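> here is a sequence together with a model predicted from it:
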Amino acid sequence: MARVITVAVVDDDRMLLDGMRAWLGGVPELRLVATAATVGELLGEPDAELPREPHESAGAPPDVVLLDLLLRDGSAPADNIRRLRGSGSRVLVISTVPDRSRIIESLQAGADGYLTKDNGLPTLVAAIQDVAAGRGAHSAELAFACAYDSSPARPRLAPRERQILLDYASGMTLKSAARRAGITVHTAKDYLDRVKAKYQQAGRPTHTKLDLARRVREDSIEGS
């Protein structure tokens with residue numbers, strides 16, 4: 001039996017919170033464990049109306065937090081994302097509008113996905129499951145933002161650099177990635193070093209394979 005994914009929602013719209021309770025309450029694969037109007041409230045005072053199950057540690061963070069992008073307390077979205085990620089939860093940002101710059105800023109702050117509130121329950125459930133599994137939620141609005149993002153924080157990669165990055169970050173050894181590209185390991189390493197240098201210059205260092213895999217997900221990098 002698949003593990004149930006625990007979910008929390010941070011939103012200051014009471015009608016939306018009530019709707020989420022009704023929506024997620026009918027999905028056996030998910031369990032809504034908390035709702036809050038602010039990130040501080042979620043981290044400090046879990047919603048008393050939604051107690052945790054007896055076997056769940058009172059301090060255990062939810063697997064995924066659905067975070068409204070703009071809250072009335074004036075908190076900065078990037079700060080909210082970093083606080084939630086620091087607490088041990090993955091973050092799926094939800095918003096009323098597909099603002100391209102805010103989508104990119106959310107990803108750079110550590111969000112695992114971005115979804116507009118006009119999506120239906122099946123799309124939301126799929127996004128939560130993807131985020132919980134560490135795959136990131138690849139929504140249409142996210143793809144659009146990344147495709148048209150020209151900010152310096154998103155380096156422009158040459159086709160061969162992109163190919164080596166994708167293959168290596170997906171789990172291949174550098175030798176396997178080089179063989180697939182029809183080049184030597186030395187040349188493949190050179191391409192990978194160029195990729196790392198470009199991200200370093202953009203202020204997004206990539207020291208490990210996990211860092212590279214995260215950049216692939218954040219920037220929605222795909223093969224040519």
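Received the coordinates, thanks. Numbering: from 1, shown residues only.

> C-terminal to the helix or strand of the chain with the lowest mean pLDDT, what's the next element?
Lowest on mean pLDDT, DSSP states H and E among the helices and strands of the chain sits helix 140-147, with a mean of 54. Using DSSP states H and E, the next helix or strand after helix 140-147 towards the C-terminus is helix 159-169.

> which helix or strand lies directly C-terminal to that next one?
helix 174-181.

> distance from the chain centre to that following helix, please.
28 Å (CA atoms, centre = their mean, to the nearest Å).

> equivalent analysis for stretch 154-165, please.
Relative to where its chain is centred, stretch 154-165 has its mean C-alpha point 21 Å off (CA atoms, centre = their mean).

> next: stretch 13-23.
A distance of 22 Å separates the centroid of the chain from that of stretch 13-23, by CA atoms, centre = their mean.

> and that stretch, which residues are buried?
When neighbours are counted by 16 or more other CB atoms under 10 Å, the buried residues of stretch 13-23 are found to be 13, 16-17, 20, 23. Glycine gets a C-beta too; all of them are placed from N, C-alpha and C.

> same thing with stretch 204-213?
204, 206, 212-213.

> and the buried residues of stretch 13-23, which of them are in strands?
Using DSSP state E, no member of those sits in strands.

> quick one: the residue of the chain most remote from its centre from residue 167, how far?
Residue distances from the centre of the chain (CA atoms, centre = their mean) peak at residue 184, which lies 34.0 Å from the mean C-alpha position. Distance of residue 184 to residue 167, computed by CB to CB, to the nearest Å: 15 Å.

> same question for residue 221.
Using CB to CB, one gets 11 Å for the distance from residue 221 to residue 167.

> could you do residue 93 as well?
In this structure, residue 93 lies at 29 Å from residue 167, with CB to CB as the measure.

> looking at those two, which is more packed in?
More crowded of residue 93 and residue 167, by other CB atoms under 10 Å: residue 93, with 26 against 21.

> count of neighbours near residue 172?
The burial count for residue 172: 17, using other CB under 10 Å.

> about what we covered before: list just the nearest of the buried residues of stretch 13-23 to residue 43.
Of all the buried residues of stretch 13-23, residue 17 has the smallest distance to residue 43: 16.9 Å, by CB to CB.

> span of stretch 72-81 from start to end?
16 Å (CA to CA, to the nearest Å).

> stretch 28-44 now?
Distances were taken as CA to CA; on that basis the terminal residues of stretch 28-44 are 27 Å apart.

> ignoring the adjacent residues along the chain, who's closest to residue 73?
The shortest distance from residue 73 to any residue other than its chain neighbours is 5.0 Å, reached at residue 38 (CB to CB, 6 or more residues apart in numbering).
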